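Engineer: I'd like to go over a predicted model; first the sequence, then the structure.
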Amino acid sequence: MDGERFFCDTGLARRIEHAEARFVAACCDATRARRGGGFSYPLADGVATFAEAGSPFTKVAGLGFAGLPDVSELSGIEDAFAAVGAPVQVELSQLADPAIGAFLTARGYRLESYENVLGRRIERTWFPDDVRACEDDELETWLAEVAGASAVADDQGIPAHEDFPHDLLVNALRDMAGVRRYLAERDGEFAGGASFRVTDGIAQFSGAATVPAHRRRGVQTALLQARL
């Protein structure tokens, strides 16, 4: 520990990846219950899921901490993705076994992009006045506002790698299993929304967006503070 910073070793990375794999699988199950079809298969302590075409829950997650995937199992999963016309997208932790990356490269996979996962320990804090829990009768508004805000790219920093159609994003936000949703208000208007889920001591922050008219006003900071 060094103040708020802490060292992420492979043990913690594995916990985070397991939490992500369980979240993705649960969300995929919710999508399948809503519309039918899809699949979810275990793979080398991770999971391979197809929720629906283009969904953020259509991918392979959690590899790299339990040895190489079985070639026959991976081949079967690749065939399953091919059968529904979907590419195989693997999210691989930087702290995973390096042999996994070499293994995937040898099979024709290529590196597409990097993402950062930020973490911190939880300390006693305060809940901002302008953020509150989303009520059940506000869900549709929350879904529409967060999806709409997510569709408007920020004009600063590196552009997001992924872009989802509005209806697909609404469905994905709806299917996020086991999350707690919050909304931020500013001048009496919906200014932003965010969610998080706790899995085995890991709190995953997900689904956050600020309405463009309220950006650069501390909305995301308030939503982060509320979830912390």
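Structural biologist: Sure thing, it's come through. Numbering: from 1, shown residues only.
Engineer: How is this structure partitioned into domains?
Structural biologist: Following the TED database, one gets these domains for the chain: 10-107, 131-226.
Engineer: With mean pLDDT, distance to Glu123 and mean neighbour count added, can I get those domains in CSV?
Structural biologist: From N, CA and C alone the C-beta is placed, and that goes for glycine too. Listed next are those as CSV, based on pLDDT from 0 to 100; distance: least, CB to CB, whole Å; neighbours: other CB atoms under 10 Å:
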stretch, mean pLDDT, distance to Glu123, mean neighbour count
domain 10-107, 96, 17, 18
domain 131-226, 92, 12, 17
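Engineer: which stretch among those domains comes nearest Arg120?
Structural biologist: For those, proximity to Arg120 was assessed by CB to CB; domain 131-226 is nearest, at 10.0 Å.
Engineer: Now do the closest one: distance to the chain's middle.
Structural biologist: 12 Å (CA atoms, centre = their mean, to the nearest Å).
Engineer: thinking again about what came up before, including distance to Val117, could the domains of the chain go into CSV?
Structural biologist: Listed next are those as CSV, based on distance: least, CB to CB, whole Å:
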stretch, distance to Val117
domain 10-107, 7
domain 131-226, 9
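Engineer: Which of those domains sits closest to Ile122?
Structural biologist: Short answer: domain 131-226, nearest of these by CB to CB, at 7.4 Å.
Engineer: Can you check the distance spanned by the closest one, start to finish?
Structural biologist: 7 Å (CA to CA, to the nearest Å).
Engineer: residue contacts, Pro69?
Structural biologist: 43-44, 63, 100, 103 (CB atoms under 8 Å, 6 or more residues apart in numbering).
Engineer: Residue nearest the middle of this protein, spatially speaking?
Structural biologist: Ser206 (5.7 Å; CA atoms, centre = their mean).
Engineer: and the gap between it and Phe50?
Structural biologist: Applying CB to CB, to the nearest Å, the value for Ser206 to Phe50 is 20 Å.
Engineer: Dihedrals phi and psi, Leu169?
Structural biologist: Dihedral pair for Leu169: phi -70, psi -40, per degrees, to the nearest 10.
Engineer: Isn't it up against Glu145?
Structural biologist: No: taking contacts as CB atoms under 8 Å, Leu169 lies outside contact range of Glu145: 11.6 Å.
Engineer: Let me know whether my guess that Gly192 is in a helix holds.
Structural biologist: No: going by DSSP: H, G, I helix; E, B strand; the rest coil, the assignment for Gly192 is strand, not a helix.
Engineer: And for the protein, the residue most distant from the center?
Structural biologist: Outermost in the chain, CA atoms, centre = their mean: Asp187 at 29.7 Å.
Engineer: And that one, how far from Ala213?
Structural biologist: Asp187 is 10 Å from Ala213, by CB to CB.
Engineer: now do Leu43
Structural biologist: Distance from Leu43 to Ala213, by CB to CB: 43 Å.
Engineer: what do you get for Leu111?
Structural biologist: From Leu111 to Ala213 the distance is 37 Å (CB to CB).
Engineer: What of Ile16?
Structural biologist: Ile16 is 34 Å from Ala213, by CB to CB.
Engineer: ok, now Ala96?
Structural biologist: 41 Å.
Engineer: Likewise for Glu20?
Structural biologist: Counting by CB to CB, the gap from Glu20 to Ala213 is 32 Å.
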